[in-house]
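>>> what follows is a protein structure lacking sequence information:
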């Protein structure tokens, strides 16, 4: 189901009046720029900062390194706010995503909204949600599962995810936050797993285009050029594409490009 009050928030964000306090949003993200391996949420948050950074005060908390990397980003200040396009970013070691840290962050930023960008994470979803309910209950919580409740994604490590969802439902936390789906289909997946929780369907904002014009590509008969551009992981189901391509006849070329998230896969 959807929440009509939140659906109205798809309207353009109003420019604040002179001297008026801008709404503050504290965004918790596993990875953020300059990281490139974290998936679609990295670009989604960057697009939000680009489009809304002039009307909202955006604060991003993220890890100090890219997914799978053993060392932090080079030249990025760790543990202090860094100004980027449309937002302030705080890079932290994963061990610093603690209940105490979230409590201090809520007091420092005083956000109107806390925006979570994953579901199956104690440090990046459960702990901040609990901290908000305990120390700043008037702050709204919005959680974007980013496809994590899609049937295909749930089939991976199903036992652990089933236990997690079972405990989450018993905690009643899902009813104390708004769930963001990027499509109506994702909204149905959320409702199927969590029941009648508040859900809003809001598509991701686009990144600004750097190309003024795209030239059409001529398709030659009997010749096919394919590009798989994604993280290399079981969730992205590259093996299915390989099986389909293997059965094609003609001049077929498949290029696979993306960070290797699961080496065994």
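Okay, I see it. These numbers were taken from a predicted model, which means no experiment stands behind them.
>>> so which strand or helix has the residue lying closest to residue 254 once chain neighbours are set aside?
Among residues not flanking residue 254 along the chain, residue 226 sits closest, at 4.6 Å (C-beta to C-beta, 6 or more residues apart in numbering). Placement of C-beta: from N, CA and C, glycine included. Here residue 226 sits within strand 223-229, counting by DSSP states H and E.
>>> now the residue sitting nearest the centre point of the chain: phi and psi?
In the chain, the C-alpha nearest the mean C-alpha coordinate belongs to residue 41, at 3.2 Å (C-alpha atoms, centre = their mean). Phi and psi for residue 41, reported as degrees, to the nearest 10, are phi -60, psi -30.
>>> which strands or helices does the following helix or strand past the strand holding residue 226 pack on?
Per DSSP H and E, the first helix or strand lying C-terminal to strand 223-229 is helix 238-246. With contacts defined as 3 or more C-beta pairs under 8 Å, 6 or more residues apart in numbering; DSSP states H and E, helix 238-246 has these neighbours: strand 223-229, strand 251-257.
>>> if you set the cut-off to 6 Å instead, what comes out?
Using 3 or more C-beta pairs under 6 Å, 6 or more residues apart in numbering; DSSP states H and E, no helix or strand is in contact with helix 238-246.
>>> quick check: mean pLDDT across it?
For helix 238-246, mean pLDDT rounds to 91.
>>> that one versus strand 251-257: what angle between them?
With axes from the mean of the first three to the mean of the last three C-alpha atoms, to 10 degrees defining the directions, helix 238-246 sits at 170 degrees from strand 251-257.
>>> so which residues of the stretch 101-250 of the chain form helices?
Assigned by DSSP state H, counting those that start in this stretch, the helices in the stretch 101-250 of the chain fall at 127-135, 151-154, 158-171, 184-194, 238-246.
>>> deepest in the core, which of those is it.
helix 127-135 (a mean of 19; mean count of other C-beta atoms under 10 Å).
>>> residues making contact with that one?
Contact partners of helix 127-135, identified using C-beta atoms under 6 Å, 6 or more residues apart in numbering, comprise 28, 99, 102, 103, 106, 114, 139, 141, 173.
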